[in-house]
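Trainee: mind folding the following:
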Amino acid sequence: MKIWIDLTNSPHVNFFARLIEELQTEHELILTCRPLANTIELLDMFAIKHTMVGKHYGQNTVSKIFGFFIRVIQLYLYLRKKKPDVAISHSSFYSPLVARLLGIRGVYLNDNEHAAGNKVSFLFANTIMVPEFLDLEKVRAQWARADKIISYPGVKEGVYLWYQRITDGVSLNGHVNKDIFIRPEPWTAQYYKGERNFIDELLIDLQDEYKIILLPRDEVQKKHYQSVQFSRVKIPDKPLSLINIMEDCGLFIGAGGTMTREAAVLGVPTISIYQDKLLDVDRYLVKLGCMRHIPDLTAVSVREFIQQVESAPPSVELLEKGQAAYELIKRTLVNK
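Mentor: As a prediction, this is how the structure comes out:
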């Protein structure tokens, strides 16, 4: 079987890495991507062979719509010669439409009920897979037919963290160092309507007291935080692996989604400072006590949090559900 996977953002590399490793032993894989955030660097880090098709068109709505159709055409022209049998993606709005144009089955996964691109993707996908804690009424409101929807156990991050937990031996019990990792807001994401650069004051207030490692999303964000006012904030020269981040992390502060949830699932003390409305899956993790949501976080609040909180074991429940979800996704892809 020829399987096409479209990787349009850096979280998708971690999500699909294990599945790619397993599938390529029995199937031919066609992997496409675009240069957004750390996607290309992570693909190279994993030594995953890929083809770059198209580009990211920024945050402007008109540019995004124009760029969407341009990349759909580029993907179609590239893939019609490759003749894939099935397509799968996570949050690639292009994939279901291109799969329909190619006349092949499309499996589409998403965990963000605020993403407007879901409407097109849900409309054209043959199978829609969402985490069990995402309200299905919201999925159906985005043009998803009920008979297409499959709810998988747990949260998206568990789908790959269960395996990395086993193979890399991540253990954060008793981890007491005070290194703070911070992931800024997703500037260019269509769904993000919050403020930009709102963590500047927090970084300035904390940088003389703690070791701050900032994980920028792109070169523009990196350049902003390399200015002199953030002189004591460390920015890695290249993207770090998930394991490298979590092993050294005493506190994770995230203004986005995926990496914040990864830390929470792995038992790292985690604060979400996301400025927009929380996703259903984030609210579930807050309810479980895996993370806190403090959108107006201050340096004083950080100091108090560090004094009170301790690292916890990774969530066994979420990792076990992640393994079950992984197997369900693989079966759904190859067995129809």
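
Trainee: contacts and neighbour counts: CA atoms only from here.
Mentor: Will do.

Trainee: would you map the strands across the stretch 101-250 of the chain?
Mentor: Assigned by DSSP state E, counting those that start in this stretch, the stretch 101-250 of the chain shows strands spanning 105-109, 127-131, 149-152, 180-183, 212-214, 233-234.

Trainee: tell me what the fifth one is packed against?
Mentor: If you count contacts as 3 or more C-alpha pairs under 8 Å, 6 or more residues apart in numbering; DSSP states H and E, strand 212-214 packs onto strand 180-183, strand 233-234.

Trainee: now swap in the shortest one and tell me
Mentor: For strand 233-234, the elements it packs on are strand 212-214, judged by 3+ C-alpha pairs under 8 Å, 6+ apart.

Trainee: average pLDDT for the strand it packs on?
Mentor: Per-residue pLDDT over strand 212-214 has a mean of 97.

Trainee: if we can go back for a sec, mind putting the helices and strands packed on strand 212-214 into JSON lines with distance to Q323?
Mentor: Output for the helices and strands packed on strand 212-214, formatted as JSON lines (distance: least, C-alpha to C-alpha, whole Å):
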{"stretch": "strand 180-183", "distance to Q323": "26"}
{"stretch": "strand 233-234", "distance to Q323": "34"}
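
Trainee: any idea which of those strands is most buried?
Mentor: Mean neighbour counts were taken over these using mean count of other C-alpha atoms under 10 Å, and the top value, a mean of 22, falls to strand 180-183.

Trainee: what does that strand contact?
Mentor: 210-217, 245, 249-256, 259-260 (C-alpha atoms under 8 Å, 6 or more residues apart in numbering).

Trainee: any residues touching stretch 88-104, and which ones?
Mentor: Applying C-alpha under 8 Å, 6+ apart, the contact partners of stretch 88-104 are 3-8, 12, 68, 71-72, 75-76, 80, 84-87, 105-110, 117-118, 120-122, 124-126, 333.

Trainee: in PyMOL, select just the buried ones from those.
Mentor: The following PyMOL line selects those of the contacts of stretch 88-104 that are buried, judged by 16 or more other C-alpha atoms under 10 Å:
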select buried, resi 3+4+5+6+7+8+12+68+71+72+75+76+84+85+86+87+105+106+107+108+109+110+117+118+120+121+122+124+125+126+333
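
Trainee: out of the contacts of stretch 88-104, list just those in helices.
Mentor: Taking DSSP state H, the ones among the contacts of stretch 88-104 that sit in helices are 12, 68, 71-72, 75-76, 80, 118, 120-122, 124, 333.

Trainee: residues of stretch 90-101 that come out buried?
Mentor: Buried positions in stretch 90-101, judged by neighbour count with 16+ other C-alpha under 10 Å: H90, S91, S92, F93, Y94, S95, P96, L97, V98, A99.

Trainee: if you could redo that for stretch 34-48, that was the one I meant.
Mentor: So, applying 16+ other C-alpha under 10 Å, buried residues of stretch 34-48: R34, P35, L36, A37, N38, T39, I40, E41, L42, L43.

Trainee: turn those into JSON lines, columns for distance to P186 and pLDDT.
Mentor: Below are those laid out as JSON lines (distance: C-alpha to C-alpha, whole Å; pLDDT from 0 to 100):
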{"residue": "R34", "distance to P186": "16", "pLDDT": "95"}
{"residue": "P35", "distance to P186": "15", "pLDDT": "92"}
{"residue": "L36", "distance to P186": "11", "pLDDT": "88"}
{"residue": "A37", "distance to P186": "9", "pLDDT": "84"}
{"residue": "N38", "distance to P186": "12", "pLDDT": "88"}
{"residue": "T39", "distance to P186": "14", "pLDDT": "94"}
{"residue": "I40", "distance to P186": "17", "pLDDT": "95"}
{"residue": "E41", "distance to P186": "18", "pLDDT": "93"}
{"residue": "L42", "distance to P186": "18", "pLDDT": "94"}
{"residue": "L43", "distance to P186": "20", "pLDDT": "96"}
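
Trainee: among the residues you listed, which one sits closest to L318?
Mentor: Closest to L318 out of the buried residues of stretch 34-48 is L42 (24.4 Å), distances taken as C-alpha to C-alpha.

Trainee: check which helix or strand the closest one maps to.
Mentor: Under the criterion of DSSP states H and E, L42 resides in helix 39-45.

Trainee: residues in contact with that helix?
Mentor: Residues from elsewhere that reach helix 39-45 (C-alpha under 8 Å, 6+ apart): 7-13, 33-34, 49-50, 238-239, 241.
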